[in-house]
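**Q** Show me how the following folds:
(2 chains)
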Amino acid sequence: MINLRATAATAALLCFTAFGASPASADGEVNVYTYRETKLIQPLFDAFTKDTGIKVNVVSASSGLEQRMKAEGANSPADVLLTVDIGRMDEAVKAEVTQPIKSVVIDEIVPAQYRDPDGHWAGISMRARVIYASKDRVKQDKITYEELADPKWKGKICIRSGQHIYNNGLFAAYTAKYGEAKAEEWLKGLKANLAQKPSGGDREAARDVAAGKCDIGIGNTYYWALMMNNDPEKKPWAEATKVVLPTFEGGGTHVNLSGVLLAKNAPNKANGVKLIEWLVGDKAQQIYADSNYEYPVRAGVAVNPTIAGYGKLTADPLPIAKIAANRKAASTLVDKVGFDN
Amino acid sequence: MTRTTRSGRIAAVIAVATAILVAAPVISIIALALQPAPDVWQPLIEYVLPRSLLDTALLLFGVAALSLAIGTGAAWMISLHEFRGRKMLLWLVPLPLAIPTYLAAYVYVDLFEPLGLIHKTLALWLPLQDAVRVLPNLRSLPGAIIVIALVLYPYVYLSARTMFQFQSAEFAEAAKTLGAGRWTTFWRISLPMARPALAVGTALVSLETLNDIGASEYLGVRTLTVSVFTTWLNRGSLAGAAQLSCFMLAIVAGLIAIERYGRRNVTTEFSAESPRLTQRTPLAGIKGGLAFAACLLPVCLGFLVPLLYLAHQSFKRGLFANFDMALWRDAFNSIAFASLATLAALLLGFATILAWRWRPTRLRFVAMNIAQLGYTLPGLVLALGLLAPLLAIDNAVNALAASLGQSLPGLIVIGSGAAVVIAYVIRFLAVPTGFIKAGFERIPRDYDDSARAVGAGQATTMRLIHLPLLRPAMLGAVIVVFVDCLKELPATLLLRPLNVETLATSIYQYASRGSFEEGALAALLIVAASIGPVAWLTRFSDIPSGPA
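**A** Residues are numbered from 1 along each chain as shown, chains lettered A, B, ... in the order given. Got it, this is the predicted structure:
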């Protein structure tokens, strides 16, 4: 027979001991909350540990990390928050879980355009939202974002959900440049040009071009390089397309940032700052650029050859903070025009 | 008498504490929802809600209808007929329970994608571009309905089967003497009698569907859950998301009311004398073969296809060639979290029902019903709702330590993984509570009275009479909770401590990088860890056919 009381006591005890609470602060450690998948950034953290002897503890999630930090309050173990999108950086600052980084190194290396004016966040790498165009069916080598709403592309464009953070960033940039009314009109036009309901991810955009479902797909720069170099099965998807770096009329290509923030209650603040500064160092920037095919923010670091093959990137000069401020409006517009329906 | 009241009081205290535990995230979500969320609702009502309500309703209805058809059909065939291969089907039919909905979605999208296996096969006969046009688009409402129903139908099957096989022979025979054929008997006797079980099974399927975010998001269906997610992330409005969640809770309350209504006037208490069981109708030759094939088809689609695909992908990657040792650690975490949560859920569920059985007061009744509420919270909402109360405890502990001049212990609840276990317990407590309640309903109160008459206290009655009779119900609950915990994703993602991954979170990371096949081995491990328990569940589910 089950001895209920003893079993209950054992269970309760096990609950609290099995995984052993980890101390928030310890010498030579730094705790990172990240939206980037562990497997992608682990090589970077390993190199950091090797260089500095500081151990990196990680928790990664796809959502809610700011909320978790907020609820954890003064006892939060988080030192550094690593995001893959400007929107999340904005959220974190609004949730008041960050503090200004205050680092001469960061201020010197990261261009002002890719830093929070108040110092709460700094970009560590960039990717561009570009076009995967069919090699056979698309002759143009220059395309503007505005042009995507031109009826000549009717039934020819594939894109993922309009609510995905990558598209949200692009649409927010458009809204920031032209205002809501024009952005709505553009989104309607783009929607009318879609070959199918928005679905899948950026890789699928290339795949659907390869399969002949559409002529152009919208995707981030690094997915194409990853398919081309790291995934033999998906290589044909990339091979069927060419990457076109679109620009805004009279502007440049829309870029989004992977960025870092320093937690407001960072128990290992010094180590946190050390990690952030290390991430914009020569070595880290090179690893980041080569392992995930992103554009380094540090001047003088070589862009990976595959990425360089797209042509020279001229990033749009619109300050990142302006894009972040228009995210909500862009998200509402997507619903308003029924983009995903 | 003192002994009796003491154990009674312990059960009641546990029941109330459990209710508070489950209510905490709900209250915390309501508190969040009370914060103003200006300019969130207006666009939501105008642009989002009509569509997502319709999509949610169609998805729920479609999945429920398809699961009912498959689950009831298979249960009826297997419980009331005898044919070659029947014994094997007993093992096989519930197996899709081992496949998480998000895995089924990943696998089927891979299979049917342009340039995928099916497309390339079609392209042997058709030009590539024509072949792509005849491919069904799984990223659609019909696609989502089919994929989700194929892995959720066992909930209906299992509850329907219990009902069918306990239906006593008298009714069927009476129908026969009145000239009713097999179909008439099915439609007019078996099916109405199984209604309560079907209502339970369908409610489970619907709640699972509503909770799911991985599969429906991946398949491009914008359900309310997906809207909560978007509101929170892109509009930066936690309050708005919480308000939407409350709205969802209201819908769930409606679903539960429908389920209760479906069970009205139906007693599930069986007579104490074992009823004469229905004799299974033999099906020979072609008929038997067809019956076997019909029952095997959903297993193939809901279980074998995903399993084989995952196995194929794992072997293609050399299975253990580039084996990442981290995978064992992830598997260990998954199993440890799931085991602890299962044990705790079973104990709390049992105490809650016991308290009600012993003294059905209003308070205990309310506690019992609150305990089952957690199932209605989508994992993501639950995790959000849990953050504040759990961290309040953690922060209080630290404040106490600080005031005593002790060194700070850090975040004990969330830092130790206890938060994950607590989330699982709250989310899945409805399973043991429901199973054990149903189990108790089969134990006539006369037994308790007789035990009391011979001087046995409540504790003794529980030990000698209730526990042995409840064993099948408890085992069933243990297995379902364990497997559900292994599969849980959104709450695990948000609440797990530093440096801890589970199999589910590891697969999710691969999938969100768009290369889910690389996580095939982890996926295979989840399925493997679930197959054993699910198969074990079926061991207790068959009873001998009635006498000829």
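**Q** Okay, strands next: where are they in chain B?
**A** B:81-82, B:281-282 (DSSP state E).
**Q** Point out the most buried one among the ones you listed.
**A** Stretch with highest mean neighbour count among the strands of chain B: strand B:81-82 (a mean of 16; mean count of other Cβ atoms under 10 Å in any protein chain shown). Quick note: C-beta positions are derived from backbone N, CA and C, even for glycine.
**Q** What strands flank that one, and is each parallel or antiparallel?
**A** In the sheet, strand B:81-82 lines up against strand B:281-282 (parallel) (DSSP bridges).
**Q** which residues touch the closest residue to chain B within chain A?
**A** Going by Cβ to the nearest Cβ, chain B is nearest to A:A211 of chain A, at 3.3 Å. With contacts defined as Cβ atoms under 8 Å, 6 or more residues apart in numbering or on different chains, A:A211 is in contact with B:P114, B:L115, B:H119, B:L128, B:Q129, B:V132.
**Q** sorry, back to before: which among the strands of chain B is found nearest to B:I531?
**A** strand B:81-82 (25.7 Å; Cβ to Cβ).
**Q** hmm, who's touching the closest one?
**A** Outside strand B:81-82, the residues touching it (Cβ under 8 Å, 6+ apart) are B:R280, B:T281, B:P282, B:L283, B:A291, B:S545.
**Q** same thing but at 10 Å, please
**A** With contacts defined as Cβ atoms under 10 Å, 6 or more residues apart in numbering or on different chains, strand B:81-82 is touched by B:R182, B:Q279, B:R280, B:T281, B:P282, B:L283, B:A284, B:K287, B:G288, B:A291, B:C295, B:S545.
**Q** so which of those residues comes closest to A:I159?
**A** Nearest to A:I159, judged by Cβ to Cβ, of those is B:C295 at 42.1 Å.
**Q** mean confidence score for stretch B:497-504?
**A** Across stretch B:497-504, the average pLDDT comes to 88.
**Q** okay, the strands of chain B in JSON lines with mean pLDDT and distance to B:G302 next?
**A** Output for those, formatted as JSON lines (pLDDT from 0 to 100; distance: least, Cβ to Cβ, whole Å):
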{"stretch": "strand B:81-82", "mean pLDDT": "90", "distance to B:G302": "21"}
{"stretch": "strand B:281-282", "mean pLDDT": "84", "distance to B:G302": "26"}
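**Q** I'd like these laid out as TSV, including distance to B:S512.
**A** Output for these, formatted as TSV (distance: least, Cβ to Cβ, whole Å):
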stretch	distance to B:S512
strand B:81-82	45
strand B:281-282	50
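**Q** Of all pairs in the contacts of A:A211, which one spans the longest distance?
**A** Farthest apart among the contacts of A:A211 by Cβ to Cβ are B:L115 and B:Q129. That separation is 11.5 Å.
**Q** Now for the two: what residues contact both?
**A** With Cβ under 10 Å, 6+ apart as the test, B:L115 and B:Q129 both reach A:A211, A:G212, B:A123.
**Q** Tell me the one among these nearest to A:D340.
**A** When the shared contacts of B:L115 and B:Q129 are compared against A:D340 (criterion: Cβ to Cβ), the nearest one is A:A211, at 21.4 Å.
**Q** so how far is stretch B:530-539 off the chain centroid?
**A** Taking Cα atoms, centre = their mean, to the nearest Å, one finds the center of stretch B:530-539 at 15 Å from the center of the full chain.
**Q** Other residues contacting it?
**A** By Cβ under 10 Å, 6+ apart, stretch B:530-539 touches B:89-100, B:154, B:158, B:161, B:303, B:307, B:338, B:342, B:472, B:475-476, B:478-484, B:486-487, B:527.
**Q** all helices for the stretch 1-150 of chain A, in order.
**A** A:4-17, A:38-52, A:65-72, A:86-94, A:104-109 (DSSP state H, counting those that start in this stretch).
**Q** if we can go back for a sec, higher neighbour count, B:L115 and B:Q129?
**A** Between B:L115 and B:Q129, B:L115 has the larger neighbour count (other Cβ atoms under 10 Å in any protein chain shown), namely 20 against 12.
**Q** Isn't that one up against B:L128?
**A** Yes - shown here, B:L115 and B:L128 form a contact pair, counting by Cβ atoms under 10 Å, at 8.3 Å.
**Q** Neighbours of residue 84, how many?
**A** Using chain A here. A:V84 - counted by other Cβ under 10 Å - has 25 other residues nearby.
**Q** Chain B was what I was after
**A** Other residues near B:R84 come to 13 when the count uses other Cβ under 10 Å.
**Q** Run through the residues that contact residue 294.
**A** Using chain A. A:84, A:124-128, A:220-222, A:225, A:255-258, A:285, A:288, A:303-304, A:307.
**Q** should've been chain B
**A** Applying Cβ under 10 Å, 6+ apart, the residues near B:A294 are B:I70, B:G73, B:A74, B:M77, B:L89.
**Q** ok, now B:L238?
**A** Contacts of B:L238 (Cβ under 10 Å, 6+ apart): A:64, A:66-67, A:70, A:91, A:95, B:29, B:32-33, B:35, B:37, B:231-232, B:384.
**Q** Could you report the distance from it to B:A33?
**A** Per Cβ to Cβ, to the nearest Å, B:L238 is found 9 Å from B:A33.
**Q** go on, B:F440?
**A** 36 Å.
**Q** Equivalent analysis for B:W41, please.
**A** For B:W41, the distance to B:A33 - Cβ to Cβ - is 11 Å.
**Q** Look at those two and report which has more neighbours.
**A** The residue with more neighbours, out of B:W41 and B:A33, is B:A33; 19 against 16, by other Cβ under 10 Å.
**Q** any idea which of the helices of the stretch 1-150 of chain A scores lowest on pLDDT?
**A** helix A:4-17 (a mean of 45).
**Q** coming back round to it: export the contacts of A:A211 to CSV and tack on pLDDT?
**A** Formatted as CSV, the contacts of A:A211 follow (pLDDT from 0 to 100):
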residue, pLDDT
B:P114, 86
B:L115, 85
B:H119, 87
B:L128, 76
B:Q129, 76
B:V132, 80
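**Q** among the residues you listed, which are in helices?
**A** B:H119, B:L128, B:Q129, B:V132 (DSSP state H).
**Q** List only buried entries from the residues you listed.
**A** Buried members of the ones in helices among the contacts of A:A211, counted by 16 or more other Cβ atoms under 10 Å in any protein chain shown: B:H119, B:V132.
**Q** This completes my enquiry, with thanks.
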